[in-house]
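Enquirer: here is the input, now give the coordinates:
(one chain, ligands or ions: 2)
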Amino acid sequence: MASLTVETWQCDACGKESVTKLQCCGGCKSVYYCDKKCQQRHWNAGHKNKCKTMKFEKGTKKFETCTEKGDSRYFPLLLIYNTIKLYEK
Ligand SMILES: [Zn+2]
Ligand SMILES: [Zn+2]
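Expert: Numbering: from 1, shown residues only. Ligands and ions are numbered 1, 2, ... in the order given. Now for the predicted structure:
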């Protein structure tokens, strides 16, 4: 039998949970929506002002993770990518 752990995604606009992966915001990729209507609603409700900041914060976090691991200049790109993915879990 398969694992009982079910990953769920929650829509940031209406709060509805889904067991199928939701679409994320193309800008910041930090928020999820069940459909375009929800995305539009959330965008107009204020996400348009937060999107860029969230994208920036996410990028900063990634950079910090990268530099914490030491001098990443000598790591192969794939290794860096895997390390970032590990830290995001
Ligand atoms: Zn929704
Ligand atoms: Zn966004």
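
Enquirer: list, one by one, the residues from this structure near ligand 2.
Expert: Residues of the chain lying near ligand 2 by CB under 5 Å from the ion: 25, 27-28, 51. C-beta: built from backbone N, CA, C; applies to glycine.

Enquirer: and of these, the nearest to ligand 1?
Expert: Cys25 (12.4 Å; CB to the ion).

Enquirer: contact partners for that closest one?
Expert: For Cys25, the contact set (CB atoms under 8 Å, 6 or more residues apart in numbering) comprises 31-33, 39, 47, 51.

Enquirer: one more time with 7 Å, if that's ok
Expert: When the contact criterion is CB atoms under 7 Å, 6 or more residues apart in numbering, the partners of Cys25 are 31, 39, 51.

Enquirer: for the last one, which non-adjacent residue is spatially closest?
Expert: The shortest distance from Cys51 to any residue other than its chain neighbours is 4.3 Å, reached at Gly27 (CB to CB, 6 or more residues apart in numbering).

Enquirer: does the one you found belong to a helix, a strand or coil?
Expert: In three-state terms, and counting by DSSP: H, G, I helix; E, B strand; the rest coil, Gly27 is coil.

Enquirer: equivalent analysis for Lys50, please.
Expert: On the three-state scheme (three-state DSSP), Lys50 is labelled helix.
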